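> how would this look folded up:
(chains A and B)
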Number of protein chains: 2
Amino acid sequence: MGIVVQKYGGSSVADATSVKRVAQRIVATKKAGHDVVVVVSAMGDTTDDLIDLANEVSPLPPARELDMLLTAGERISMAVLAMAIGNLGAQARSFTGSQAGVITDAEHGRAKIIDVTPGRIEVALAEGSIAIVAGFQGVSQTTKDITTLGRGGSDTTAVALAAALKADVCEIYTDVDGIFTADPRIVHDARHVPQISYEETLEMAANGAKILHLRCVEYARRNDIPIHVRSSFSDRPGTWVLPADQVTKDPTMEAAIISGVAHDRSEAKITVVGVPDKVGYAAAILRALGDAQINIDMIVQNVSAAATALTDISFTLPRADGQTAMTALARLKDEVGFERLQYDDGVGKVSIVGAGMRSAPGITATFFQALADAGVNIAMISTSEIRISVVVAENQVEQAVRAAHEAFDLGTDEVEAVVYGGTGR
Amino acid sequence: MGIVVQKYGGSSVADATSVKRVAQRIVATKKAGHDVVVVVSAMGDTTDDLIDLANEVSPLPPARELDMLLTAGERISMAVLAMAIGNLGAQARSFTGSQAGVITDAEHGRAKIIDVTPGRIEVALAEGSIAIVAGFQGVSQTTKDITTLGRGGSDTTAVALAAALKADVCEIYTDVDGIFTADPRIVHDARHVPQISYEETLEMAANGAKILHLRCVEYARRNDIPIHVRSSFSDRPGTWVLPADQVTKDPTMEAAIISGVAHDRSEAKITVVGVPDKVGYAAAILRALGDAQINIDMIVQNVSAAATALTDISFTLPRADGQTAMTALARLKDEVGFERLQYDDGVGKVSIVGAGMRSAPGITATFFQALADAGVNIAMISTSEIRISVVVAENQVEQAVRAAHEAFDLGTDEVEAVVYGGTGR
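Next up, the predicted model:
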């Protein structure tokens, strides 16, 4: 049997009882004959509590020290998990990111993995131990300082270790049974997706589905690591994320062109009104946002009215960056000579994702007709080869998701009694 | 100016407010022109909370994993302290025991320091940073696993770093102004001791004074590191612990032969009654206790009554080991043929300590007369070159301490308004 990497998030190890439950699952995997490597996040609210503590002593804690502080969270959870496994009669050894050979750049708070040298993990496995590794953390190659990987860090740790160890599978445990055709809190007949391609998963993740983080899926795709997203609260199979050519579509979904409907309520829309339609002005606006470290998502520029030679440029961005963006743009007013700025955080994005749309005509028409029939007005549109996204009023997001889900016949007759939750790190 | 090593215990960094107060003291030391290295314990009850968590998942957590878990405590305190210092405009960098070069053996939970290679600390100091080091922890030379140093570990970390860095002084901060001639909770006119020798401090520590741990004082003595024990809650000078030939006795105490009175209520007494007075039986008893990993303190053997050729052997030991010792000895009953075992945990030990007693006759007589006058009965006696200890009934400990303190004229007219507290790690 080969190596299985399992990743458990903070909600799966929220307290001693959860830790003991997870330990039983791990020992069962070991007893089934696998070599087991476990990546674990901090327990429950530990990370938030540590951030609160940091803010009590400093309004802007140095990033190096914040990383040192936050990595204490995984240190606690991994040691406690190793103890719980030991108490079940199996042998476990815990390793920090540094000990596990997770080598990163020196960007504290958002470090990137540049190498994985899991020699100590291999020794532990060879000795018959279960290896427990702290997620979300590594050590800088240049400074030897402890780093954290930022959002999605623990998932990425798990996939990176799976790649370095040539594991058979990377199991990502969460509190739901994997990926669904839409958020079951909104669409009550949302269907469980047994298999899905990396590319579709990336589009889902980039457009609001909170099950897997972009980075982890990208890492898995580059290294061909199968991901199995599943619930730590049940033994039901989850969703396998695989290379597109290995995905067997669920027979009951054979006709499906669309894999799922994603939505995102975390963005705001800014419109720069009355921009002179001259070369370089759009670039100046985007450069100002880039300089302010703001990632924008969708961009739309209207054709200018010939009479005025003025155009409007709209874009979406994370709401958290709204104030920064407005300030950066206001400074450009004289240089660019636009009329005014409009800020709208009452928007939401709804996306349909599916590898099948590559070769299926009429998808856009079906989608937009469904929205029109549901009385949903479209404010912006953006497409990729396997995705169509629209921006709508925030209070129409749920109608739009249900309309799209029904239009593409994604539903099941069974109502899934699960909650579609977010992941931690 | 030279290097100052400062150690702050858990009560000095119990919460964000305390951390900020300690940060101000550290920055003031830096501004006075010193290079500053700070060793810090875990905040307040963190260690106890982590031990509770461990016990929730395992009745007997593996020592390696317990060390991994507990070292999270200092990781948190050192990072938060570095942030608080940064917030005051000074530069601080935190280091784990491993990063600071604290190399130990592989005895988890009670590792011994075998080398200190503080290269990263020296670099940080050269860059103008204050270095914050996690106390109580190191890394095993052989297994590369994280270790903890056991009781007194943070004090020992501080002294070991001071020695490796050739620091001018190792300041140990606690919640009292240093060492007193007796516990001020018992003797209200106990006098503050400005300077004291390593040897006297060792005898005080070994006989119940809880200010400094034996290990740390022994390490300082071997390396000639001056220790300054002082309060983190005041700017008053504390007690300097120095080589005997550098101790200047307080002029107001010139006549004092005795430096202080220590007491200890943590021991129990076991008597093996009716041991045949033959060669090798005492050794068999002591070997049984040694095999059970029990450290015994005082031992007394009575001269045998000629008529019976039987003797009694009494010894004291930590109360926590009482049950284990009784079990180990009961197994010897047939082999040695003693009559019975007596266990008494209603005892206490009172010791007078003073380098001056080497050359002063009559000390023992004065001490015992004072006890007799106070109506205190002596159960056991033990002496060293600079200490006389007696075991008395536990409920007579306070009378005995006061009587000895007064007999040797140790008091001051001022009543010190401090509490003589214990140290954490």
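> burial measure for A:Thr17, as a count.
11 (other C-beta atoms under 10 Å in any protein chain shown). All C-beta spots, glycine's among them, are computed from the backbone N, C-alpha and C.
> Confirm it sits in a strand?
No: assessed with DSSP: H, G, I helix; E, B strand; the rest coil, A:Thr17 is helix; it does not lie in a strand.
> Check what pLDDT it gets.
pLDDT recorded at A:Thr17 is 96.
> can you tell me how far it sits from B:Val57?
The gap separating A:Thr17 from B:Val57 is 9 Å, by C-beta to C-beta, to the nearest Å.
> ditto for A:Thr29
In terms of C-beta to C-beta, A:Thr29 sits 18 Å off from B:Val57.
> With neighbour numbers in mind, choose between the two.
Neighbour comparison, A:Thr29 and B:Val57: the larger count goes to B:Val57, with 23 against 18 (by other C-beta under 10 Å).
> Name the nearest residue to that one, sequence neighbours excluded.
A:Ala84 (4.1 Å; C-beta to C-beta, 6 or more residues apart in numbering or on different chains).
> Contacts only, for that neighbour.
With contacts defined as C-beta atoms under 8 Å, 6 or more residues apart in numbering or on different chains, A:Ala84 is in contact with A:Ala16, A:Val19, A:Lys20, A:Val22, A:Ala23, B:Val57, B:Ser58.
> so the fourth one touches A:Tyr8, yeah?
Yes: contact status for A:Val22 versus A:Tyr8: in contact at 5.4 Å, counting by C-beta atoms under 8 Å.
> Name the residues that touch the helix or strand bottoming out on mean pLDDT in chain A?
In chain A, the helix or strand scored least confidently by mean pLDDT, DSSP states H and E is strand A:299-301, which has a mean of 83. The contact list for strand A:299-301 (C-beta under 8 Å, 6+ apart) reads A:Ala282, A:Leu286, A:Thr311, A:Asp312, A:Ile313, A:Ser314, A:Phe315, A:Met380, A:Ile381, A:Ser382.
> you'd agree the last one is up against A:Ser389?
Yes: under the criterion of C-beta under 8 Å, A:Ser382 makes contact with A:Ser389 at 4.8 Å.
> Would you check how far apart the residue in the stretch 251-400 of chain A that chain B sits nearest to and A:Thr147 are?
Per C-beta to the nearest C-beta, A:Gln293 is where the stretch 251-400 of chain A lies closest to chain B, at 21.7 Å. From A:Gln293 over to A:Thr147 the distance is 19 Å, taken as C-beta to C-beta.
> more crowded one of the two?
Legend: neighbour count by other C-beta under 10 Å for A:Gln293 and A:Thr147, higher for A:Thr147 (32 against 9).
> Any residues of chain A in contact with chain B? List them.
A:16, A:19-20, A:23, A:50, A:53-54, A:56-59, A:61-62, A:64-66, A:68-69, A:71-73, A:75-76, A:78-80, A:82-84, A:86-87, A:92-94, A:99, A:120, A:144 (C-beta under 8 Å from any C-beta of the partner chain).
> What is the burial count for the nearest residue to A:Ala244 once chain neighbours are set aside?
Among residues not flanking A:Ala244 along the chain, A:Ser197 sits closest, at 3.9 Å (C-beta to C-beta, 6+ apart). A:Ser197: 21 surrounding residues under other C-beta under 10 Å.
> Tell me who's in contact with A:Ser197.
Contacts of A:Ser197 by C-beta under 8 Å, 6+ apart are A:Val241, A:Leu242, A:Pro243, A:Ala244, A:Val247, A:Ala355.
> Mind listing the residues bridging to it?
Following DSSP bridges, A:Ser197 is listed with bridge partners A:Leu242.
> Start from the N-terminal end of the stretch 151-300 of chain A and give the helices.
Applying DSSP state H, counting those that start in this stretch to the stretch 151-300 of chain A gives helices spanning A:153-164, A:198-206, A:214-223, A:281-291.
> Could you identify which of those is most buried?
Stretch with highest mean neighbour count among the helices of the stretch 151-300 of chain A: helix A:153-164 (a mean of 28; mean count of other C-beta atoms under 10 Å in any protein chain shown).
> related to what we said a few turns ago, and the residue of the stretch 251-400 of chain A closest to chain B, what are its phi and psi?
phi 60, psi 30 (degrees, to the nearest 10).
> A:Leu329 now?
Dihedral angles for A:Leu329 - degrees, to the nearest 10 - are phi -70, psi -40.
> pretty sure it contacts A:Arg340?
No: at 10.3 Å, A:Leu329 does not count as touching A:Arg340 under the criterion of C-beta under 8 Å.
> just for chain A, where's the confidence low?
Of all residues in chain A, those with pLDDT under 70 make up the ranges A:1, A:249-256, A:303-307, A:413-425.
> which residues sit in contact with the closest residue to A:Met298 other than its chain neighbours?
Spatial nearest neighbour of A:Met298, excluding adjacent residues (C-beta to C-beta, 6+ apart): A:Ser382 at 4.2 Å. Going by C-beta under 8 Å, 6+ apart, A:Ser382 touches A:Asp297, A:Met298, A:Val300, A:Ile388, A:Ser389, A:Val390.
> Likewise for A:Ser129?
A:Gln91, A:Ala92, A:Arg93.
> filter these to the buried ones?
Neighbour-count burial (16 or more other C-beta atoms under 10 Å in any protein chain shown) applied to these gives A:Ala92, A:Arg93.
> wait, which of the contacts of A:Ser129 is closest to A:Pro184?
A:Ala92 (34.7 Å; C-beta to C-beta).
> Roughly how far does the residue in the stretch 201-350 of chain A positioned nearest to chain B sit from B:Glu267?
Of all residues in the stretch 201-350 of chain A, A:Ser232 sits closest to chain B, at 16.1 Å by C-beta to the nearest C-beta. For A:Ser232, the distance to B:Glu267 equals 49 Å [C-beta to C-beta].
> Which one's more surrounded, these two?
B:Glu267 (24 against 21).
> right, and the more buried one touches B:Ser351 too?
No: using C-beta under 8 Å, B:Glu267 makes no contact with B:Ser351, being 11.8 Å away.
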